[in-house]
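K.L.:
give me a 3D structure for the following:
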Amino acid sequence: MDTLTALKNVRFVVDASGKQAAVQVNMDDWKKLLEYFEDLEDRAKIKELLHRLRLGPEKAGALDWREIRNQW
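P.N.:
Predicted coordinates for the structure are as follows:
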């Protein structure tokens, strides 16, 4: 099941006046939604870091492994 299908399978909980008050999702769909949001977060982070990496190692703040390896 893809993320869009998971969103179509939600159930709405209504309050006493019939107004939608909450959403109910089964566990499998919830896990898929979490994975989807984590992937989005990862993609955003990669996009942000790519700009820095394209500047080159020094401007991106990279450390020379040969200089710091003894600290690890």
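
K.L.:
distance of Gly56 relative to Ala22?
P.N.:
50 Å (Cβ to Cβ, to the nearest Å). No exception for glycine: its C-beta is placed from N, CA and C like everyone else's.

K.L.:
contacts for the helix or strand bottoming out on mean pLDDT in the chain, please.
P.N.:
Here the helix or strand of the chain ranked lowest by mean pLDDT, DSSP states H and E is helix 3-8, holding a mean of 76. Residues outside helix 3-8 that contact it (Cβ atoms under 8 Å, 6 or more residues apart in numbering) are Val25, Asp29, Lys32, Leu33, Tyr36.

K.L.:
filter the residues you listed down to the buried ones.
P.N.:
Asp29, Lys32 (16 or more other Cβ atoms under 10 Å).

K.L.:
tabulate the contacts of helix 3-8 (JSON lines), appending secondary structure and pLDDT.
P.N.:
Below are the contacts of helix 3-8 laid out as JSON lines (DSSP: H, G, I helix; E, B strand; the rest coil; pLDDT from 0 to 100):
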{"residue": "Val25", "secondary structure": "coil", "pLDDT": "93"}
{"residue": "Asp29", "secondary structure": "helix", "pLDDT": "90"}
{"residue": "Lys32", "secondary structure": "helix", "pLDDT": "90"}
{"residue": "Leu33", "secondary structure": "helix", "pLDDT": "90"}
{"residue": "Tyr36", "secondary structure": "helix", "pLDDT": "91"}
